[in-house]
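1. got a predicted structure here, sequence first:
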Amino acid sequence: MPEVIIVKDQDEAGELYARCVADLIKGKPDAVLGLATGSSPLAAYRHLAAMVKAEDIDVSKVRGFALDEYIGLPLTHPESYHSTIHRTVVEPLGLDPEKVHVPGDVLDGAPLEDGERIAHAGPEYDAAIEAAGGIDVQILGIGTDGHVGFNEPGSSLASGTRVKTLAEQTRVDNARFFDDDINQVPTHCITQGIGTILKARHLVLLAFGEGKAEAVEETCEGGVSAFCPASALQLHPHATIIVDEAAASRLRHKDYYKYAFEHKPAWQGI
């Protein structure tokens, strides 16, 4: 199963992620990062940007691939994931924007009715990731229903990048980014599939708050099921789940997870 690390807050989680990625880039200047949006990764990106600056790390060759994008929003929309990734990752870290990609970049707001154009975008995105050598570290958040990326409950655990219909709960959760108006939240997206995500060499999932506790429990200690897409992380050889006390509150073996991490050799990292 994944390594479970229980931390005191998002800053501690962000430091763990940042140290892992900073060391990766030092050893592999053209590292490929898997990027996610939402609130969970923000502290991680902030700490990584600080490390890059403090340690004068060259990020000019770093590549990036985002998890997902809404369908129907132009790239310039402030809540498009193209805009969000550039605002929260590319600019703070000083990455080359030409080397950072989002599944919807080639669509640029194309409507759902433009089926032929949209249908090819997913396979082309997966091919681009493979051509880059695969993702080294993929950061993930988790939805209250256990979704990762926009892979809603019921998603195939072997799926590639494709178009999905957003669950109503996901649209409700994301309405806060659209003036709390669910009618502004798109109903469709293009997302990396679970199968695509599992090809990354290291997965780092972050979850905070009591609202994520049930999803974290199902992900870590439940059975592997398409109805909790994040549970597929149990199948990955190098997956790390970093949670705060509230998100870990339903875990049966949390005392062991704490003990194991406290006694982990420092050279192993995460």
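-> Looks like it came in fine. Numbers count the residues shown, from 1 in each chain.
2. list the residues that contact the closest residue to residue 22 other than its chain neighbours.
-> Excluding the flanking residues, the one nearest residue 22 by CB to CB, 6 or more residues apart in numbering is residue 51, at 4.4 Å. (C-beta placed from N, C-alpha, C; glycine too.) Applying CB atoms under 8 Å, 6 or more residues apart in numbering, we find residue 51 in contact with 18-19, 22, 57.
3. and of those residues, the nearest to residue 175?
-> Each of the contacts of residue 51 was checked against residue 175 using CB to CB; the closest is residue 18, at 29.9 Å.
4. pretty sure residue 165 contacts residue 187?
-> Yes: Residue 165 is within contact range of residue 187, at 6.3 Å (criterion: CB atoms under 8 Å).
5. can you get me a residue count around the closest residue in space to residue 61 that isn't next to it in sequence?
-> Closest residue to residue 61 in three dimensions, ignoring its sequence neighbours and counting by CB to CB, 6+ apart: residue 30, at 4.1 Å. Neighbour count for residue 30, taken as other CB atoms under 10 Å: 13.
6. what of residue 110?
-> 16.
7. over to the one 10 residues further on?
-> Close neighbours of residue 120, defined as other CB under 10 Å, add up to 11.
8. show me the strands in the stretch 101-250 of the chain, by range?
-> 137-140, 162-165, 188-191, 202-207, 239-244 (DSSP state E, counting those that start in this stretch).
9. what packs against the first one?
-> Translated: strand 137-140. With contacts defined as 3 or more CB pairs under 8 Å, 6 or more residues apart in numbering; DSSP states H and E, the packing partners of strand 137-140 are helix 10-27, strand 32-35, strand 202-207.
10. what sits against the spatially closest residue to residue 23 that is not a sequence neighbour?
-> Distance criterion CB to CB, 6+ apart; nearest residue to residue 23, sequence neighbours excluded, is residue 269 at 7.0 Å. Contact partners of residue 269, counting by CB under 8 Å, 6+ apart, are 19-20, 23.
11. ok, now how distant is residue 269 from residue 18?
-> Distance, residue 269 to residue 18, by CB to CB, to the nearest Å: 12 Å.
12. over to residue 147?
-> 25 Å.
13. the two: which has the busier surroundings?
-> The neighbour comparison of residue 147 against residue 18 (other CB under 10 Å) goes to residue 147, with 26 against 20.
14. now the residue nearest the centre of the chain, which residues is it bridged with?
-> Centroid-nearest residue in the chain, with CA atoms, centre = their mean: residue 140, separated by 2.6 Å. Here residue 140 sits in beta bridges with residue 205, going by DSSP bridges.
15. may I have the residues that are in contact with it?
-> Counting by CB under 8 Å, 6+ apart, residue 140 has contacts 34, 36, 67, 148-149, 197, 203-206, 230.
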